[in-house]
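**Q** sequence below, structure please.
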Amino acid sequence: MQISQAFQGESLPISFEIFPPKGDLPVETAHAMTEELAPLDPAFVSVTYSAGGSGNSARTIDVARMMKEDFALPIMAHLTCMGATKDDIDATLAAMREVGLENVLALRGDPVPGAATNDFHFAKDLIPVVREAGFCVGAAAYPEGHIDCLDFKKSIEHLKEKQDAGAQFFVTQLFFDNDCALEFLEAARNAGITVPITFGIMPFLSKAQISRMVFMCGASLPSPIIKLLARYEEDPESLRAAGIEYACDQMEGLAQAGVDGIHVYTMNQPSIARAAVARLRGAAS
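**A** A predicted model of the protein is given here:
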């Protein structure tokens, strides 16, 4: 199924993301995890490249193929272009097509130290290549602007360029402030961005994790989170529970605001996906 169809129904699309940490998520481990995710009936599941931009497409394709073949889930595979040549991208797309994948999230990816830029500078350069290869193409959106772009208006202009290049939907980066996200949504619509935008939410589970995310993504920390971090600094289990609860509150608020979809960054923990679905669908799964 092409993921663009997931946004055409009456119910709110809830999707999940899993990742091969450091490029190493054995298919057997992913299979056990998917056994817990599949009954939650996600609109789709995205499978990332390994963290840090190493571009482990083989592992991504292996995991994505297993989830599609064994569980009949709609799958979106991530594809980064930083440092890649046109031949590299064509070869990866051919491998994806060979195993029946239909959906790609087209990303620039992290710069690779010492590597040449080659044939692609930005995600907008990759998007038409993926579309021409016959895939349904999503792209990334940044509610508080891309960390490399200090001008929010420019970030919105870049988003419009991705749509013009052929992006059929957007998945946002994580954020912790719904007001920022809804202001971004209004700005995007005012700029002529008409394709669906699904909003990505990641629970904070530890002080170290949220600090890392803030510096990697440029997400701001609202005062309620700072207070929770201070309250539970010496109580990791309570902090984890508070982080999941805060994320579920975010999702519920976004759903009530009428967003196009919710994308749950599960961090490979099915319990997070279950909590999201229970809150959003109003019943424990």
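**Q** pLDDT at the closest residue in space to F122 that isn't next to it in sequence, what is it?
**A** Distances taken as Cβ to Cβ, 6 or more residues apart in numbering put R108 closest to F122, at 5.5 Å, once the chain neighbours are dropped. In short, each C-beta sits where N, CA and C put it, glycine included. For R108, the model assigns a pLDDT of 91.
**Q** phi, psi of R108?
**A** For R108, the backbone dihedrals are phi -70, psi -50 (criterion: degrees, to the nearest 10).
**Q** what's the distance between it and Q173?
**A** As for R108, its distance to Q173 is 13 Å (criterion: Cβ to Cβ, to the nearest Å).
**Q** I61 too?
**A** When I61 is compared with Q173 (using Cβ to Cβ), they lie 24 Å apart.
**Q** list the contacts for the residue nearest to F122?
**A** T80, C81, M82, F120, H121, F122, A123, L126 (Cβ atoms under 8 Å, 6 or more residues apart in numbering).
**Q** the third one reaches F120, doesn't it?
**A** Yes: A contact is recorded between M82 and F120 when judged using Cβ atoms under 8 Å, the distance being 7.1 Å.
**Q** export the contacts of R108 to CSV and tack on distance to M202, secondary structure and neighbour count?
**A** Formatted as CSV, those follow (distance: Cβ to Cβ, whole Å; DSSP: H, G, I helix; E, B strand; the rest coil; neighbours: other Cβ atoms under 10 Å):
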residue, distance to M202, secondary structure, neighbour count
T80, 19, strand, 25
C81, 24, coil, 27
M82, 22, coil, 20
F120, 27, coil, 22
H121, 28, coil, 12
F122, 24, coil, 16
A123, 20, helix, 25
L126, 24, helix, 29
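**Q** which of the residues you listed lies closest to L254?
**A** A123 (23.8 Å; Cβ to Cβ).
**Q** tell me the contacts of that closest one?
**A** Contacts of A123 (Cβ under 8 Å, 6+ apart): C81, A106, L107, R108, A139, A140, K162.
**Q** try H78
**A** S46, V47, T48, Y49, T60, V104, L105, L107.
**Q** from the residues you listed, which one has the minimum pLDDT?
**A** Y49 (70).
**Q** surely it is within a helix?
**A** No: under DSSP: H, G, I helix; E, B strand; the rest coil, Y49 sits outside any helix and is assigned coil.
**Q** so it makes contact with C81?
**A** No: counting by Cβ under 8 Å, Y49 sits too far from C81 to count as a contact (10.9 Å).
**Q** how about the helix or strand harbouring I262 as CSV, C-alpha atoms only?
**A** According to DSSP states H and E, I262 maps onto strand 261-265. This file holds the C-alpha atoms of strand 261-265, laid out as CSV (Å, rounded to 0.1, in the frame of the first residue of the first chain):
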residue,chain,number,x,y,z
GLY,A,261,-1.6,12.0,11.6
ILE,A,262,0.6,11.0,14.6
HIS,A,263,4.0,9.3,14.1
VAL,A,264,5.3,7.6,17.2
TYR,A,265,9.1,7.4,17.6
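**Q** neighbouring strands for it, and are they parallel or not?
**A** strand 14-18 (parallel), strand 197-201 (parallel) (DSSP bridges).
**Q** next secondary structure element downstream of the first one?
**A** When you say that, I think you mean strand 14-18. helix 27-37.
**Q** and the angle from that following helix to strand 14-18?
**A** 160 degrees (axes from the mean of the first three to the mean of the last three Cα atoms, to 10 degrees).
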